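[1] Sequence first, then the predicted structure, then my questions.
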Amino acid sequence: MRIAIIGAGRIGGNTARLLAAAGHETMLAFSRDQAKLGELAAEIGGSAGSPADAVGFGEVVLLSVPWGAIPTALEQAGSLSGKIVVDTTNQFGSGPMPAAGQTAAQFNAARMPGARYTKSFNTLTSAFQAASAGRTGAERVVQWFCGDDVEAKKIVGQLIGDAGFAPVDVGGTADCAVMEAPRRLGAVYGEEYRLADAEAVVDAVRAGRAIPPTPKYDA
Ligand SMILES: NC(=O)c1ccc[n+]([C@@H]2O[C@H](COP(=O)([O-])OP(=O)(O)OC[C@H]3O[C@@H](n4cnc5c(N)ncnc54)[C@H](OP(=O)(O)O)[C@@H]3O)[C@@H](O)[C@H]2O)c1
């Protein structure tokens, strides 16, 4: 697929690299140093452009910028209507914040009218994602995702798999608080999960129950 990466830093750059290695076409955008962006694009076999160029190019748009830079990135991106968006952001730092009781996913989806909004790649550090991508069998690492567009989520689930992770659908944007910052008891944010432990989390979220204790892995 053609994938636009808006913010090709630690998370966006790494995800672009993984998706490019899996055969997807990437266009990187949104940098204070366009030459550096071009170098990374050349290295992974993609291209670089402006955020608006990238949105025009991409069937899927990965948004991976610091929380405080989201308004600028969205302004430069232009309309995302009809695009599948994968939001990797977490609500740290400056900028407008979700209201009490509102998930960051709901808040951001509302900032992208018409977008086929999903959220993923946000719960694990960039270093861990880079190191653990591509694990196989029982050790494959879960990448949680959420969204309200079922067809968009099917595609995003495939992309998560292509990037080397096990996709697990938490539910809609209203249900995804467990995969959002900050790291805390009772949430999957910041924790490694493998598939064997993921189903019980999803069951608990669907039932409105507390999730089981965080699993511990040896390797
Ligand atoms: N780092 C993690 O471990 C991690 C894990 C999960 C989720 N996240 C979330 O993912 C999002 C991206 O995090 P990241 O760690 O990948 O960030 P990062 O490494 O700082 O990358 C941010 C990207 O945005 C670009 N950018 C363009 N204009 C910017 C501006 N005005 N201010 C700041 N950056 C600008 C930067 O490009 P230039 O520097 O070339 O300008 C850079 O490529 C954040 O919302 C973060 O909370 C991060």
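    Right, received. Where do you want to start?
[2] drop to CA atoms for contacts and neighbour counts, all remaining ones
    OK.
[3] What parts of the protein come near the ligand?
    Within the chain, the positions adjacent to the ligand are 7-12, 30-33, 64-67, 69, 88-90, 122-126 by CA under 6 Å from any ligand atom.
[4] what are the ranges of the strands in the protein?
    Using DSSP state E, the strands of the chain run over 2-6, 25-29, 47-49, 60-63, 84-87, 116-120, 142-147, 166-171.
[5] Now render those as a markdown table, adding mean pLDDT and mean neighbour count.
    Below are those laid out as a markdown table (pLDDT from 0 to 100; neighbours: other CA atoms under 10 Å):
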| stretch | mean pLDDT | mean neighbour count |
| --- | --- | --- |
| strand 2-6 | 99 | 27 |
| strand 25-29 | 99 | 26 |
| strand 47-49 | 98 | 22 |
| strand 60-63 | 99 | 27 |
| strand 84-87 | 99 | 26 |
| strand 116-120 | 99 | 27 |
| strand 142-147 | 99 | 27 |
| strand 166-171 | 98 | 22 |
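[6] Low-confidence stretches in the protein?
    219 (pLDDT under 70).
[7] quick one: which of the strands of the chain is nearest Val178?
    Closest to Val178 of the strands of the chain, according to CA to CA: strand 166-171, at 8.5 Å.
[8] could you pull out the helices for the chain?
    Under the criterion DSSP state H, helices of the chain are mapped to 10-21, 34-44, 51-57, 70-77, 104-110, 126-132, 150-162, 195-207.
[9] if we can go back for a sec, which among the residues of the chain next to the ligand count as buried?
    7-12, 30-31, 64-67, 88-90, 122-124, 126 (16 or more other CA atoms under 10 Å).
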